[in-house]
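K.L.:
Any chance you can model this:
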Amino acid sequence: MNIIASTVVLTVGHPAASSRFFTSHLGFREVLAADDVIHLARDDAATDLVVRRCDAQTHPVRQRTAHAEVMVSFTVTDLSAEHERLRREGAPITMPLRQEPWGEWVLQLLDPNGVVIQIVEWVPPVGA
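P.N.:
Prediction:
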């Protein structure tokens, strides 16, 4: 297998709301916007995102009843500066910036459709 690209598909109630969140706060741009589906991308190593509407026509009952919690995680440099920028913008920060015992700095956001966004910076723990 030779994977040449990756995309995460988020099935949500309101694709336009998620698109506004990702373009306003996380630097994505709309590559394609069609009926009930929006393709988002960045010019760096971030995985592309597709947000599409979940309804009876696009998702059979079998698919709509299987629920999984989804978290999209982005690793960045200078998370402290990103935290300040997001706070100034009024982004919905649900877990403030903190350092985990294993060295990871992390914060979490919530998009308008309930998708958890985790932004991390890896810092070696003291003594490592």
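K.L.:
which other residues reach stretch 29-45?
P.N.:
Residues outside stretch 29-45 that contact it (Cβ atoms under 8 Å, 6 or more residues apart in numbering): 7, 15-16, 18-19, 22-23, 27-28, 48-53, 55, 58. C-betas here are computed from N, CA, C, even on glycine.
K.L.:
First-to-last residue distance for stretch 90-110?
P.N.:
Using Cα to Cα, to the nearest Å, the end-to-end distance of stretch 90-110 comes to 12 Å.
K.L.:
And stretch 32-47, by the same measure?
P.N.:
One end of stretch 32-47 sits 15 Å from the other (Cα to Cα).
K.L.:
Pull out the buried positions in it.
P.N.:
Within stretch 32-47, the residues that count as buried by 16 or more other Cβ atoms under 10 Å are 38-42, 46.
K.L.:
Tell me the gap between the helix or strand Ile38 falls within and the middle of its chain.
P.N.:
In this assignment (DSSP states H and E), Ile38 forms part of strand 37-41. The chain centre lies 12 Å from the centre of strand 37-41; the measure is Cα atoms, centre = their mean, to the nearest Å.
K.L.:
what do you get for stretch 12-22?
P.N.:
With Cα atoms, centre = their mean, you get 11 Å for stretch 12-22.
K.L.:
And stretch 97-113, by the same measure?
P.N.:
12 Å.
K.L.:
Could you do stretch 75-94 as well?
P.N.:
Mean-position distance between stretch 75-94 and its chain equals 13 Å (Cα atoms, centre = their mean).
K.L.:
What are the buried residues along it?
P.N.:
Buried, per 16+ other Cβ under 10 Å, within stretch 75-94: 79, 82-83, 86, 91, 93.
K.L.:
would CSV of the buried residues of stretch 32-47 with pLDDT and distance to Thr75 be doable?
P.N.:
Below are the buried residues of stretch 32-47 laid out as CSV (pLDDT from 0 to 100; distance: Cβ to Cβ, whole Å):
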residue, pLDDT, distance to Thr75
Ile38, 96, 24
His39, 95, 22
Leu40, 97, 18
Ala41, 96, 17
Arg42, 95, 13
Ala46, 90, 10
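K.L.:
Just the closest of these to Val70, please.
P.N.:
Leu40 (15.1 Å; Cβ to Cβ).
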